[in-house]
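# okay, sequence plus prediction incoming.
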Amino acid sequence: MKTVPICIECIENAAIRTLSLLEISQEENKRITEEIKNYLANVSLDLSPMEISFGTNEIIQNETGIRDPLKKIKTQANKDAEKLEKNVKKIIQESDDIFLSSIKTAIAGNIIDFVYKSDYNLTQTIQDVFNKEPFINHYSILNQKMQEVRDIALLVDNAGEIIFDKILIETISNLFKIESINIVAKSFPFSNDITITEIEKLGFCSMKNIHCTSVNNKIDNDYFEEAKVVIYDSEERPKEFKKQTKLIEAVKVIVGR
């Protein structure tokens, strides 16, 4: 995704919102805010929004000494999603297309991103998504590929959303003859993204045929060498897909903001 000026404004607002949650003095908040603004005023737009956000995240971590600034927010997001988990599973099981419904649930979960949107109605969003078709819809392609492949990779994104990703993974395991699902998560805290440690605590790595992989807060093509289908949020699309010579069937199913 190419960075445009409006992206800088969004990244700045996200950083300021993160700072507002921390127990730091007004003076410290003001100082760090100025440092962030100075960084964004001089950053190259040739970098992606994600890469630029890594910079603001590092400033907050280094200047406050807080390794995971949004830890409490992430924990609460997971709890909020877990409250809906039983009802969502019931809706999926009673639907005409279980796989499509589980995908829609994962799409709805993408709204849980405190950094960019602090006020959201998850229950209403789930209802709305179930009654609509995705604007970008590659479902028929994905469904056909899932009948054929045995190895897939799933790039996970935000806390809260991860609960619905887990439902999607369970559905895939039950419906298709998948031998290996590689769950790829960040190694270190970044924004409200889920980390490999949190994935393990949520029980992902003990699920059947699941392999958990951590990346150094960047996407590396090596993690998808064996996968024939890669499911990812649009912001997490690996650049290396464009360079790759061997065939990887990449299907954008979970559509980002």
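Received it, and whenever you're ready, just let me know what you need.

# just the helices in the chain please.
5-20, 26-42, 49-64, 71-93, 98-109, 122-130, 139-148, 161-175, 196-201 (DSSP state H).

# quick one: low-confidence residue ranges for the stretch 151-257 of the chain.
Within the stretch 151-257 of the chain, the stretches with pLDDT under 70 are 217-257.

# domain ranges for the chain?
Using automatic domain parsing, the domains assigned to the chain come out as 5-64, 72-250.

# just those: most buried one?
Mean neighbours per residue, mean count of other Cβ atoms under 10 Å, is largest over the domains of the chain for domain 72-250, with a mean of 17. (Each C-beta comes from the backbone N, C-alpha and C, glycine too.)

# tell me the gap between that domain and the middle of its chain.
7 Å (Cα atoms, centre = their mean, to the nearest Å).

# what of stretch 29-38?
Taking Cα atoms, centre = their mean, one finds stretch 29-38 lying 27 Å from the centre of the chain it belongs to.

# quick one: mean pLDDT over that stretch.
The average pLDDT within stretch 29-38 is 98.

# just to revisit the earlier point, ranked by average pLDDT, which of the helices of the chain falls at the bottom?
When I compare the helices of the chain, helix 122-130 is least confident, with a mean of 78.

# show me what it is packed against.
helix 71-93, helix 98-109 (3 or more Cβ pairs under 8 Å, 6 or more residues apart in numbering; DSSP states H and E).

# to residue 154, which of the helices of the chain lies closest?
helix 161-175 (6.6 Å; Cβ to Cβ).

# quick one, the closest one and helix 98-109 angle?
170 degrees (axes from the mean of the first three to the mean of the last three Cα atoms, to 10 degrees).

# kindly export helix 161-175 (C-alpha atoms) in PDB.
What follows is helix 161-175, C-alpha atoms only, in PDB (Å, rounded to 0.1, in the frame of the first residue of the first chain):
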ATOM      1  CA  GLU A 161     -10.300 -10.000  15.700                       C
ATOM      2  CA  ILE A 162      -8.100 -13.000  16.500                       C
ATOM      3  CA  ILE A 163     -11.000 -14.800  18.300                       C
ATOM      4  CA  PHE A 164     -13.000 -14.800  15.100                       C
ATOM      5  CA  ASP A 165      -9.900 -15.900  13.100                       C
ATOM      6  CA  LYS A 166      -9.800 -18.900  15.400                       C
ATOM      7  CA  ILE A 167     -13.400 -19.700  14.500                       C
ATOM      8  CA  LEU A 168     -12.400 -19.500  10.800                       C
ATOM      9  CA  ILE A 169      -9.400 -21.900  11.500                       C
ATOM     10  CA  GLU A 170     -11.600 -24.400  13.300                       C
ATOM     11  CA  THR A 171     -14.100 -24.300  10.400                       C
ATOM     12  CA  ILE A 172     -11.300 -24.900   7.800                       C
ATOM     13  CA  SER A 173     -10.000 -27.800   9.800                       C
ATOM     14  CA  ASN A 174     -13.500 -29.400  10.000                       C
ATOM     15  CA  LEU A 175     -14.500 -28.800   6.400                       C
END
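
# tell me what it is packed against?
Applying 3+ Cβ pairs under 8 Å, 6+ apart, one finds that helix 161-175 contacts helix 71-93, helix 98-109, strand 151-155, strand 180-186.

# distance to residue 50 for those - can I get that in TSV?
Shown next, in TSV, are the helices and strands packed on helix 161-175 (distance: least, Cβ to Cβ, whole Å):
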stretch	distance to residue 50
helix 71-93	18
helix 98-109	19
strand 151-155	12
strand 180-186	11
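
# out of these, which comes closest to residue 202?
helix 71-93 (7.3 Å).

# specify the angle between that closest one and helix 98-109 in degrees.
Using the same axes, to 10 degrees: helix 71-93 against helix 98-109 is 150 degrees.

# before we move on, back to that, now the helices of the chain in JSON lines, with distance to residue 154?
Shown next, in JSON lines, are those (distance: least, Cβ to Cβ, whole Å):
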{"stretch": "helix 5-20", "distance to residue 154": "24"}
{"stretch": "helix 26-42", "distance to residue 154": "32"}
{"stretch": "helix 49-64", "distance to residue 154": "18"}
{"stretch": "helix 71-93", "distance to residue 154": "17"}
{"stretch": "helix 98-109", "distance to residue 154": "9"}
{"stretch": "helix 122-130", "distance to residue 154": "19"}
{"stretch": "helix 139-148", "distance to residue 154": "12"}
{"stretch": "helix 161-175", "distance to residue 154": "7"}
{"stretch": "helix 196-201", "distance to residue 154": "11"}
